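**Q** Next input, structure requested:
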Amino acid sequence: METNSTEKEMATTTNVITAEALLEHWQGHRRLSRKVIEAFPEDQFYTFSIGGMRTYAQLTMEMIGLAAPGIRGIAFGDWTFSDPALDSSTPAPATKAEVLNLWDLVTEYINTLWPQIPPQRFTEVEAAFGMYENTIYGTILYLIDNEIHHRAQGFVYLRALGIEPPFFWDRY
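**A** Below is the predicted model of the structure:
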């Protein structure tokens with residue numbers, strides 16, 4: 001089926017989600033991921049893995065280490081981040097409570113920077129972290145997808161430990 005130029009123009013300018021709704025969607029996933037962290041017994045958070053996968057503490061630090069510099073890059077185009085406590089290669093703090101504090105710090109950082117994102121920025125194409133070229137919107141979706149992927153690993157770990165994970169749909 002052939003489309004006329006008006007239909008093509010409408011297809012490129014139609015919004016399906018607002019910036020505020022996208023933020024709420026991301027933060028809903030972050031709330032659920034936080035519940036998964038909370039569900040882990042302290043010792044298992046740092047030691048348990050299956051099939052050579054990383055521990056959930058390591059996976060959590062990756063999520064933290066992508067989200068903090070990710071939101072800075074998304075907002076300002078500055079993909080450098082100099083806080084070693086929030087780097088994806090930094091080992092997890094010694095306690096789960098400290099990890100949760102970092103998680104909450106990044107959540108607030110996202111909430112603080114999000115309103116500073118100019119609307120046109122979402123469709124700009126940029127190499128996130130200097131490597132991954134995509135639209136800013138696509139990069140946001142990648143960050144959410146990466147978190148979902150690692151949270152699913154956490155669900156498997158919890159089940160293997162005999163712990164019922166939070167409901168996957170409970171993002172409140």
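**Q** Where do the helices of the chain begin and end?
**A** Along the chain, counting by DSSP state H, helices occupy 5-13, 19-39, 42-47, 56-76, 96-113, 136-160.
**Q** Residue 116 - how many residues pack around it?
**A** By other C-beta atoms under 10 Å, the residues close to residue 116 number 11. Where C-beta positions appear, they are placed from N, C-alpha and C, glycine not excepted.
**Q** Out of the helices of the chain, which gets nearest to residue 129?
**A** Closest to residue 129 of the helices of the chain is helix 56-76 (C-beta to C-beta; 7.0 Å).
**Q** one step back: would you mind giving the helices of the chain as JSON lines with distance to residue 122, mean pLDDT and mean neighbour count added?
**A** As requested, the helices of the chain are arranged in JSON lines below (distance: least, C-beta to C-beta, whole Å; pLDDT from 0 to 100; neighbours: other C-beta atoms under 10 Å):
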{"stretch": "helix 5-13", "distance to residue 122": "13", "mean pLDDT": "53", "mean neighbour count": "9"}
{"stretch": "helix 19-39", "distance to residue 122": "7", "mean pLDDT": "96", "mean neighbour count": "17"}
{"stretch": "helix 42-47", "distance to residue 122": "35", "mean pLDDT": "95", "mean neighbour count": "15"}
{"stretch": "helix 56-76", "distance to residue 122": "9", "mean pLDDT": "94", "mean neighbour count": "22"}
{"stretch": "helix 96-113", "distance to residue 122": "14", "mean pLDDT": "96", "mean neighbour count": "16"}
{"stretch": "helix 136-160", "distance to residue 122": "5", "mean pLDDT": "96", "mean neighbour count": "17"}
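**Q** Distance to residue 167 for these - can I get that in CSV?
**A** CSV is the format used below for the helices of the chain (distance: least, C-beta to C-beta, whole Å):
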stretch, distance to residue 167
helix 5-13, 36
helix 19-39, 8
helix 42-47, 20
helix 56-76, 18
helix 96-113, 19
helix 136-160, 10
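**Q** for those helices, which one sits closest to residue 166?
**A** Of all the helices of the chain, helix 19-39 sits nearest to residue 166, with 4.2 Å by C-beta to C-beta.
**Q** and residue 124, which of the helices of the chain is closest to it?
**A** Closest to residue 124 of the helices of the chain, according to C-beta to C-beta: helix 136-160, at 5.4 Å.
**Q** angle of that closest one against helix 19-39?
**A** Relative orientation of helix 136-160 versus helix 19-39 (axes from the mean of the first three to the mean of the last three C-alpha atoms, to 10 degrees): 20 degrees.
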